[in-house]
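*Asks:* Would you be able to build a 3D model of this:
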Amino acid sequence: MGTPGSLVPSSRVVHEIALEPGDRVLLYTDGVTEARLASGPQFGLEGFTASIIRATAVGETA
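*Replies:* Got it, this is the predicted structure:
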């Protein structure tokens, strides 16, 4: 995934975390946060995060 290692000056870092029952992993692309709202501004990470929190609060899946 991403840029081939030969084009990146630094090495990749692996992060590990133990997941527990009920935990969720959400993968998304920059296209989500860079999308434009009908009014013009970008959706942004804050807008994306807020939408996930609202959806989860009412029982919807992310």
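
*Asks:* what about the helices in the chain?
*Replies:* 30-33, 44-57 (DSSP state H).

*Asks:* Quick check: the gap between the most centrally placed residue in the chain and Gly47.
*Replies:* The chain has Tyr28 as the residue nearest its centroid, 4.0 Å off, counting by Cα atoms, centre = their mean. Going from Tyr28 to Gly47 by Cβ to Cβ, to the nearest Å gives 12 Å. For the C-beta atoms, the positions are set from N, CA and C on the backbone; glycine is no exception.

*Asks:* quick revisit: which ones are touching the closest residue to the residue nearest to the centre of the chain other than its chain neighbours?
*Replies:* Distances taken as Cβ to Cβ, 6 or more residues apart in numbering place Phe48 nearest to Tyr28, at 7.1 Å, with adjacent residues excluded. Applying Cβ atoms under 8 Å, 6 or more residues apart in numbering to Phe48 gives the contacts 28, 32-33.

*Asks:* Let me have those in JSON lines, extended by distance to Ala57 and pLDDT.
*Replies:* Listed next are these as JSON lines, based on distance: Cβ to Cβ, whole Å; pLDDT from 0 to 100:
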{"residue": "Tyr28", "distance to Ala57": "19", "pLDDT": "85"}
{"residue": "Val32", "distance to Ala57": "19", "pLDDT": "84"}
{"residue": "Thr33", "distance to Ala57": "20", "pLDDT": "84"}
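
*Asks:* Of those, which is the nearest to Thr61?
*Replies:* Tyr28 (13.7 Å; Cβ to Cβ).

*Asks:* Can you give me the pLDDT of Pro21?
*Replies:* You'll see Pro21 listed with a pLDDT of 94.

*Asks:* Many thanks, have a good one.
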